[in-house]
Structures are given as structure tokens and as C-alpha cells.
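Participant: Please find the sequence and the predicted model below.
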Amino acid sequence: MLPVRLLPGAFLLLSFFPSFGPATHAADLTVEPVVVIEESAPRQWEVQTTLYLWATALEGSIGIGNLPNANIDATFGDILENLDGAVMGNVAVSNGTWLLLADLVWSKMSDQTNLNVLNSPTLKFEQSLLIASAIGGYGLPFGIDALDVYVTAGLRYQNLSADTSLISGTYPLEVNRSRTEDWLDPIVGVAVQYGFNDRWRLNGIADIGGFGVGSQLTAQGFLTLSYNWTDHFSTAAGYRAIYTNYESGSGSDRFDYEATLHGPFLSAAFHF
């Protein structure tokens with residue numbers, strides 16, 4: 001979400017009038033043309049900090065080592081039931097010509113179950129996910145005051161950590177397995193903001209990246225409708241999705257992760 005305050009242009013009207021002497025006749029009048037000079041006042045920088053809730057569902061598959069890939073299909077309710085904590089927010093700085101945006105999503109979840117086998121061992125699972133993005137954008141001159149369109153380029157960093165523990169139901173024995181993968185992707189895209197009026201605004205972001213540098217492919221789609229309650233506070237609702245296809249290693253060291261995080265989005269933003 002990238003609301004930007006619009007400042008009106010300043011107009012300067014210069015008119016030149018002839019001097020009149022005592023013998024001046026109407027036919028001798030010479031009227032100089034009126035010159036209108038239009039100047040656009042530079043738009044001020046605006047800083048926006050946003051805290052948000054992204055009610056994500058998770059769909060895809062994950063494969064580790066020589067084991068076959070396991071399908072993932074978790075609703076937001078499933079994730080919320082096992083969620084230990086989450087932090088989501090971003091900071092945007094813009095002036096209509098330039099845009100800088102930093103976004104952070106971090107979550108941790110855990111679950112455990114008793115296996116229906118000998119001694120009823122307990123299987124515990126913990127996972128943490130970090131997605132950090134930083135982009136810069138340049139505004140395209142469409143000539144529409146209510147519309148800002150930026151071409152963007154930047155980086156998206158992802159870190160996925162998983163820990164699994166198997167605890168014996170009879171003896172004080174525990175087996176642990178952990179795996180952490182992280183990667184950095186270049187991304188390019190577009191950011192759009194349209195103001196219907198002084199209160200309502202539509203914000204959108206789309207990007208694509210990876211290209212084998214980090215992941216094979218990553219893509220994002222984001223669309224919200226925001227309302228400015230005051231000059232310094234706004235709220236928004238919308239939808240966001242991030243797709244990632246990442247592969248590394250082979251054989252027993254193989255790690256495949258293909259997943260889509262998606263869901264509705266609610267935010268509160270402060271403008272300075």
C-alpha cells in the first residue's frame with residue numbers, strides 16, 4: 001500500500017500593458033500577448049509505516065533428501081491454531097517520482113502428535129519463516145494527477161527453518177533433525193496507486209524474480225483498498241499472494257520447496 005499526497009501545481013500569469021502618451025489613438029494600441037507559465041511544485045517526500053495482518057493459507061509441496069515430496073495444504077485456521085508468533089510490517093518512502101519500500105514477514109509455528117506405534121512416541125515439529133523484501137521504484141510520467149505508476153526492482157530474501165524431534169514414550173531418548181535453507185532473489189515489477197478522492201485509494205504491487213539466482217521462480221501479487229481517516233492515519237483491506245519454487249542439493253542433501261502463501265490482508269498505516 002503506497003498512498004501518496006498530491007500537491008497542486010503553481011500557476012504564474014504575466015501580462016504586459018503598453019504605456020499611453022497624450023497623442024495616442026486607439027488605432028495605435030499594441031497589445032502584447034498574454035504569457036502563461038505553468039510550473040509544477042515539487043512533491044514532498046512522505047513516509048508511511050504500516051503494521052498488518054496477513055491471514056495466510058499455504059499450498060504446495062516440500063521434499064527433503066531421498067524421501068518423496070509431501071503435499072502441503074494448510075488453511076489459515078490450521079496455521080492460526082499452531083501459530084507461536086508473527087511480525088508483519090513495512091516502511092515506504094515516496095514523492096511521486098521515487099519510491100523506496102522495505103517489507104518484513106516473520107512467523108513461527110509448532111505442533112506435536114503422539115504416533116500410534118510401539119511405545120507411543122511423540123513427534124514434535126517447529127518451523128519459522130522469514131520473508132524480507134526491499135525495492136526501489138521510478139515513477140512513469142502518465143500525466144494523471146490521481147495516478148502513480150512505478151517500475152520497480154529490488155531483492156527478496158527468504159529463510160525457512162524446520163526442526164523435528166522424535167521422543168520415545170518409554171525411554172528418555174530423543175532424536176532431532178533440523179534443516180535451514182535461505183536464498184536471495186532479484187525481483188522486478190510494478191507498483192500502482194490511484195486516488196479516487198482525498199479519502200479512498202487503490203494500491204497494487206506485482207513482481208517476478210528468482211530466475212535461477214536464488215529460487216527458480218518467485219512472484220508476488222498484492223492489491224488493497226485504503227481509506228484515509230486523517231492526514232496521518234489510514235486503514236486498508238485487500239489480498240496478497242507470494243509464490244516460490246526453490247531447489248537445492250541432490251540425493252540425501254536435496255531440498256525442494258514449492259509453495260504459495262495467500263490470503264486476505266488488513267493493515268493500519270501512519271503517514272508523516
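Facilitator: Arrived safely, thanks for sending.

Participant: Flag the helix or strand of the protein with the lowest per-element mean pLDDT.
Facilitator: Every helix and strand of the chain was ranked by mean pLDDT, DSSP states H and E. The lowest is strand 10-14, at a mean of 33.

Participant: Kindly point out the strands partnered with the helix or strand where residue 261 lies and how each is oriented relative to it.
Facilitator: Taking DSSP states H and E as the definition, one finds residue 261 inside strand 255-271. Here strand 255-271 is paired, per DSSP bridges, with strand 46-54 (antiparallel), strand 57-64 (antiparallel), strand 233-248 (antiparallel).

Participant: tell me which residues of the first one are tucked away?
Facilitator: Which is strand 46-54. 46, 48, 50, 52, 54 (16 or more other C-beta atoms under 10 Å). Backbone N, C-alpha and C define where each C-beta goes, glycine included.

Participant: do stretch 194-208 as well
Facilitator: Here stretch 194-208 shows 195, 201, 202, 203, 204, 205, 207 as buried, counting by 16+ other C-beta under 10 Å.

Participant: how deep is residue 239 tucked in, by neighbour count?
Facilitator: Residue 239: 14 surrounding residues under other C-beta atoms under 10 Å.

Participant: that older thread, what's the least confident stretch among the strands paired with strand 255-271?
Facilitator: Lowest mean pLDDT of the strands paired with strand 255-271: strand 57-64, a mean of 87.

Participant: Beyond that one, next helix or strand please.
Facilitator: Using DSSP H and E, the helix or strand that directly follows strand 57-64 along the chain is strand 70-74.

Participant: contact partners of that next one?
Facilitator: Residues outside strand 70-74 that contact it (C-beta atoms under 8 Å, 6 or more residues apart in numbering): 57, 58, 59, 60, 61, 62, 63, 259.

Participant: change it to 10 Å
Facilitator: With contact meaning C-beta atoms under 10 Å, 6 or more residues apart in numbering, strand 70-74 is reached by 56-64, 80-82, 109, 257-260.

Participant: from these, which would you call buried?
Facilitator: Neighbour counting with 16+ other C-beta under 10 Å marks 56, 57, 58, 60, 62, 64, 109, 257, 258, 259, 260 as buried within the contacts of strand 70-74.

Participant: Next one: the most centrally placed residue in the chain from residue 52, what distance?
Facilitator: Residue closest to the mean C-alpha point of the chain, counted by C-alpha atoms, centre = their mean, is residue 103 at 5.8 Å. Look at residue 103 and residue 52: by C-beta to C-beta, to the nearest Å, they are 9 Å apart.

Participant: For these two, list the residues in contact with both.
Facilitator: The contact sets of residue 103 and residue 52 overlap at 88, 89, 90 (C-beta under 10 Å, 6+ apart).

Participant: Which of these ranks first by neighbour count?
Facilitator: Using other C-beta under 10 Å as the neighbour test, the shared contacts of residue 103 and residue 52 are led by residue 90, with 20 neighbours.

Participant: residues of the host helix or strand of that residue that come out buried?
Facilitator: Element membership of residue 90 [criterion: DSSP H and E] is strand 83-94. Of all the residues in strand 83-94, those buried under the rule 16+ other C-beta under 10 Å are 86, 88, 89, 90, 92, 93, 94.

Participant: of those, closest to residue 125?
Facilitator: Distance to residue 125 across these (C-beta to C-beta) is lowest for residue 86, with 17.2 Å.

Participant: beta partners of the closest residue to that closest one other than its chain neighbours?
Facilitator: In this structure, residue 86 finds its nearest non-sequential neighbour in residue 107, 4.2 Å apart by C-beta to C-beta, 6 or more residues apart in numbering. In this entry, residue 107 is beta-bridged to residue 86, residue 129, by DSSP bridges.

Participant: Let me see the confidence value for residue 107.
Facilitator: pLDDT at residue 107 comes out at 92.

Participant: pretty sure it is in contact with residue 87, am I right?
Facilitator: Yes - counting by C-beta atoms under 10 Å, residue 107 does reach residue 87; the two are 7.9 Å apart.

Participant: Now list whatever residues contact both of those two.
Facilitator: Jointly contacting residue 107 and residue 87 under the rule C-beta under 10 Å, 6+ apart are residue 130.
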